[in-house]
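Chemist: just a sequence and a predicted model for now, questions to come.
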Amino acid sequence: MVKYTYKEFKSVLNKLKYPDSWFWSRYTLNTYSGCAHACIYCDARSERYYIEDFENEVIIKTNFDKKLDQRLKRARTLLPDVIAPGGVNDAYQPIEKKIEHTRKVLQVIAKYKFPINIATKSKLVTRDIDILRKIADDTWCTVGFSITTTEEELAKFLEPYSSLPSERLAALKKIKKEAPNIQAGTYFIPIIPFLEDKDDSLEDVIRETKKAGADFILFSPGLTIRDSQAEYFLKKLKESKYKPIIKPLLELYKGQIHPPSEYSKKINNKLWNLCQKYKVNIRVKRWIPSDFRKWNYKISELLLNKEYIDALKTGKSNKTLMWAGLNLNNLEESILDVYNRDELHTIKNINPKIIEFIEPYLEKNKELKQRKGLEKFL
Ligand code: SF4
């Protein structure tokens with residue numbers, strides 16, 4: 001039995017120093033603390049989040065919509081950017097059906113025309129198609145369903161109080177049918193070794209996602225096993241018919257938090273081939289602002305996507321490329337102006353090789369007039 005309590009929190013919106021290069025979010029907000037979906041692998045159970053009794057006591061953050069409204073109204077220096085509700089909870093966990101807490105927050109986000117990216121394991125998100133469609137019309141809206149298996153019995157064990165995978169896929173299909181302007185797809189994260197990584201299981205998720213009309217699939221074999229989260233996960237496995245995977249799982253991880261890179265590379269390659277076979281994008285298309293950041297964001301997306309694809313091919317990440325892509329998001333003028341002054345090399349991490357790569361894109365667009373600086377927002 002989940003205990004629900006109401007509590008007022010001071011802060012409603014967190015700004016990230018750099019955008020998340022997978023979900024493109026720049027702000028996060030959590031309408032709830034704790035999550036009654038109670039997935040047995042959930043990383044929010046680890047000590048670094050300090051959430052006590054994570055799935056048994058859910059806190060509903062009171063006056064969240066009003067506080068967010070005030071925050072966005074007063075925010076003269078707050079540039080619109082992608083907001084991601086839920087991080088260490090699901091914005092559509094069961095209580096949401098009754099109290100419409102997240103729905104009220106979405107109405108505020110729609111009022112101020114901020115783009116949004118929602119990750120959920122609940123079909124309830126379709127209740128809010130009306131608001132999400134408006135956000136997509138006005139700016140940009142992405143909905144990603146976290147789906148890691150199509151086996152209902154396994155899903156019931158791993159994610160006991162979420163919608164079933166078939167219901168999530170039906171919700172995805174409904175969104176694409178009723179509001180095609182919403183970008184929607186599957187977050188195939190995390191993939192549980194020995195339970196969800198067989199070839200057939202991987203293909204089932206990709207095929208069914210494609211059949212539902214998805215725009216993208218983001219995948220990562222990155223199940224973490226860390227302190228109290230690992231303890232809980234292993235305990236649940238031990239009490240179940242899936243107990244035999246404990247030994248090979250621990251042997252695979254060798255005491256580390258993340259799976260070994262060779263394993264991740266193997267799974268990533270399989271998934272990449274499957275996505276090519278079913279013709280599904282493996283990246284979320286980014287929201288692009290219409291102000292001076294326009295080309296900064298476009299080039300940043302180009303660099304970060306290149307870094308992602310190169311890493312998939314080689315199994316190695318390119319930190320310089322990654323940081324070049326991230327730093328561009330904090331540039332206080334348009335990259336086209338910097339290019340016109342022949343000063344691209346002054347941007348952090350932009351080296352001659354990267355300049356050679358981005359120059360053709362900038363050359364095509366350098367005549368475009370860009371609004372300068374941050375004057376409007378200071
Ligand atoms: S839905 Fe997400 S936040 Fe909630 S328990 Fe599951 S993994 Fe954790």
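Modeler: Thanks, I have it.

Chemist: going forward, measure contacts between C-alpha atoms and count neighbours the same way
Modeler: Fine.

Chemist: what residues does the chain have near the ligand?
Modeler: Those residues of the chain that sit near the ligand, judged by C-alpha under 6 Å from any ligand atom, are 35, 37-39, 42, 44, 88-90, 121.

Chemist: any idea how far Leu124 lies from the ligand?
Modeler: Applying C-alpha to the nearest ligand atom, to the nearest Å, the value for Leu124 to the ligand is 13 Å.

Chemist: ok so that residue is a helix residue?
Modeler: Yes: counting by DSSP: H, G, I helix; E, B strand; the rest coil, Leu124 is part of a helix.

Chemist: give me the number of residues near it?
Modeler: When neighbours are counted by other C-alpha atoms under 10 Å, Leu124 registers 19.

Chemist: OK, contacts around the nearest residue to it once chain neighbours are set aside?
Modeler: Nearest residue to Leu124, sequence neighbours excluded (C-alpha to C-alpha, 6 or more residues apart in numbering): Tyr92, at 6.2 Å. By C-alpha atoms under 8 Å, 6 or more residues apart in numbering, the residues touching Tyr92 are 102, 120-122, 124-125.

Chemist: now do the SS call for Tyr92.
Modeler: Following three-state DSSP, we place Tyr92 in the coil state.

Chemist: alpha carbons of stretch 214-224, in PDB - could you do that?
Modeler: Extracted in PDB, the C-alpha atoms of stretch 214-224 (Å, rounded to 0.1, in the frame of the first residue of the first chain):
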ATOM      1  CA  ALA A 214       7.500   5.300 -33.700                       C
ATOM      2  CA  ASP A 215       9.800   8.100 -34.900                       C
ATOM      3  CA  PHE A 216      12.800   6.800 -33.000                       C
ATOM      4  CA  ILE A 217      14.300   4.200 -30.700                       C
ATOM      5  CA  LEU A 218      16.900   5.200 -28.200                       C
ATOM      6  CA  PHE A 219      18.800   2.200 -26.900                       C
ATOM      7  CA  SER A 220      21.400   1.500 -24.200                       C
ATOM      8  CA  PRO A 221      22.400  -1.700 -22.500                       C
ATOM      9  CA  GLY A 222      23.300   0.400 -19.500                       C
ATOM     10  CA  LEU A 223      21.700  -1.400 -16.500                       C
ATOM     11  CA  THR A 224      23.600  -0.100 -13.500                       C
END
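
Chemist: pretty sure Thr62 contacts Phe9?
Modeler: Yes: at 7.4 Å, Thr62 counts as touching Phe9 under the criterion of C-alpha atoms under 8 Å.

Chemist: ok so, going back, and the two most separated of the contacts of Tyr92?
Modeler: Using C-alpha to C-alpha, those reach their maximum pairwise distance at Thr102 and Lys121, which is 14.5 Å.

Chemist: residue contacts, the residue in the stretch 101-250 of the chain that the ligand sits nearest to?
Modeler: Closest residue of the stretch 101-250 of the chain to the ligand, C-alpha to the nearest ligand atom: Lys121 (5.8 Å). If you count contacts by C-alpha under 8 Å, 6+ apart, Lys121 has them with 90, 92, 145-147, 162-163, 168.

Chemist: how about a cut-off of 6 Å?
Modeler: The contact partners of Lys121, by C-alpha atoms under 6 Å, 6 or more residues apart in numbering, come to 145-146, 162.

Chemist: please apply the same query to Ala184.
Modeler: Per C-alpha under 6 Å, 6+ apart, neighbours of Ala184: 142-144, 214-215.

Chemist: hmm, back to that, any chance of the contacts of Lys121 in TSV, with neighbour count, secondary structure and pLDDT too?
Modeler: Converted to TSV, the contacts of Lys121 look like this (neighbours: other C-alpha atoms under 10 Å; DSSP: H, G, I helix; E, B strand; the rest coil; pLDDT from 0 to 100):
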residue	neighbour count	secondary structure	pLDDT
Phe145	26	strand	98
Ser146	22	strand	97
Ser162	23	coil	97
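
Chemist: in TSV: these, plus distance to Ile131.
Modeler: Listed next are those as TSV, based on distance: C-alpha to C-alpha, whole Å:
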residue	distance to Ile131
Phe145	18
Ser146	21
Ser162	22
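
Chemist: list just the nearest of those to Lys177.
Modeler: Using C-alpha to C-alpha, the contacts of Lys121 come closest to Lys177 at Phe145, 15.6 Å.

Chemist: got the contact list for that closest one?
Modeler: Going by C-alpha under 6 Å, 6+ apart, Phe145 touches 119-121, 186-187.

Chemist: 7 Å instead, please
Modeler: 119-121, 168, 185-187 (C-alpha atoms under 7 Å, 6 or more residues apart in numbering).

Chemist: let me see the contact set for Thr5.
Modeler: Thr5 neighbours (C-alpha under 7 Å, 6+ apart): 58-60.

Chemist: now intersect the residues you listed with the strands, please.
Modeler: Mapping the contacts of Thr5 onto strands (DSSP state E) picks out 58-60.

Chemist: where exactly do the helices run in the stretch 51-200 of the chain?
Modeler: For the stretch 51-200 of the chain, the helices defined by DSSP state H, counting those that start in this stretch occupy 64-74, 96-99, 101-111, 129-138, 152-158, 165-178, 199-211.
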